[in-house]
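# Whatever this is, show me its structure:
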Amino acid sequence: MTGKRILIADDNMQIRMLVKAALRQLDCEIVEAVDGEEALERAVAEPPDLLLLDVTMPKLDGFEVLEFLRKRPSTADIKVVMLTTAAQKTDLQRGVELGCDEYVVKPFEPRALRETVERVMGAGSTGA
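Numbers count the residues shown, from 1 in each chain. The predicted model follows:
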């Protein structure tokens with residue numbers, strides 16, 4: 001997956017660190033955003049191959065970010081994995097309706113997150 005770009009949007013620094021550690025083996029460029037507004041700005045300026053998007057963030061929530069990205073032609077095809085504690089059926093349904101590609105519920109297992117990212121990006125499993 002060399003050359004791929006992943007944007008992690010989460011207001012929790014520890015979660016961003018855990019995600020980066022889990023994805024280190026994938027040899028991707030990882031960019032971070034600390035709130036929904038920054039995630040949207042970064043995704044529009046330089047669309048990532050994948051966006052790991054928390055639902056509950058300041059300024060704009062993950063659903064608002066996802067909805068905006070899906071409506072804009074230059075960002076409509078970004079792969080989006082919702083990475084969140086918002087795991088009620090209504091949250092999952094809303095994410096699917098807005099066009100997320102996958103849902104990962106916190107807390108997550110690093111290997112499971114890595115495998116989800118590989119699957120969504122179409123890289124297959126490394127077996128690591």
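# So which bits of the one helix or strand in the chain whose mean pLDDT sits lowest are buried?
When the helices and strands of the chain are compared on mean pLDDT, DSSP states H and E, helix 89-98 comes out lowest with a mean of 89. For helix 89-98, a neighbour-count test (16 or more other Cβ atoms under 10 Å) marks Asp91, Leu92, Arg94, Gly95, Leu98 as buried. Backbone N, C-alpha and C define where each C-beta goes, glycine included.
# The first one and Ala45: what is the separation?
Distance of Asp91 to Ala45, given as Cβ to Cβ, to the nearest Å: 28 Å.
# In which helix or strand does the residue positioned nearest the centre of the chain reside?
By Cα atoms, centre = their mean, the chain has its centre lying nearest to Leu52, at 1.0 Å. Using DSSP states H and E, Leu52 maps to strand 50-53.
# now Glu37: how far from Ala21?
Using Cβ to Cβ, Glu37 is found at 26 Å from Ala21.
# For those two, indicate the residue with more neighbours.
Using other Cβ atoms under 10 Å, the more surrounded residue of Glu37 and Ala21 is Glu37, with 16 against 12.
# hang on, Asp101 packs against Val120?
Yes. In this structure, Asp101 is within contact of Val120 by Cβ atoms under 8 Å, at 5.1 Å.
# can you list residues touching both of the two?
Taking Cβ atoms under 8 Å, 6 or more residues apart in numbering as the contact rule, Asp101 and Val120 both touch Lys79, Val81.
# could you dump stretch 52-72 to CSV, C-alpha only?
What follows is stretch 52-72, C-alpha atoms only, in CSV (Å, rounded to 0.1, in the frame of the first residue of the first chain):
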residue,chain,number,x,y,z
LEU,A,52,-10.8,7.3,9.3
LEU,A,53,-13.5,9.5,10.7
ASP,A,54,-14.7,9.9,14.3
VAL,A,55,-18.4,10.8,14.7
THR,A,56,-18.2,12.9,17.8
MET,A,57,-15.9,15.8,17.2
PRO,A,58,-15.9,19.6,17.7
LYS,A,59,-16.9,22.1,15.1
LEU,A,60,-18.4,19.5,12.6
ASP,A,61,-19.3,16.0,13.5
GLY,A,62,-18.3,13.0,11.4
PHE,A,63,-21.7,12.7,9.8
GLU,A,64,-21.6,16.3,8.7
VAL,A,65,-18.1,15.8,7.2
LEU,A,66,-19.2,12.6,5.4
GLU,A,67,-22.3,14.2,4.0
PHE,A,68,-20.3,17.2,2.6
LEU,A,69,-17.6,15.0,1.1
ARG,A,70,-20.2,12.7,-0.6
LYS,A,71,-21.9,15.8,-2.2
ARG,A,72,-18.7,17.2,-3.7
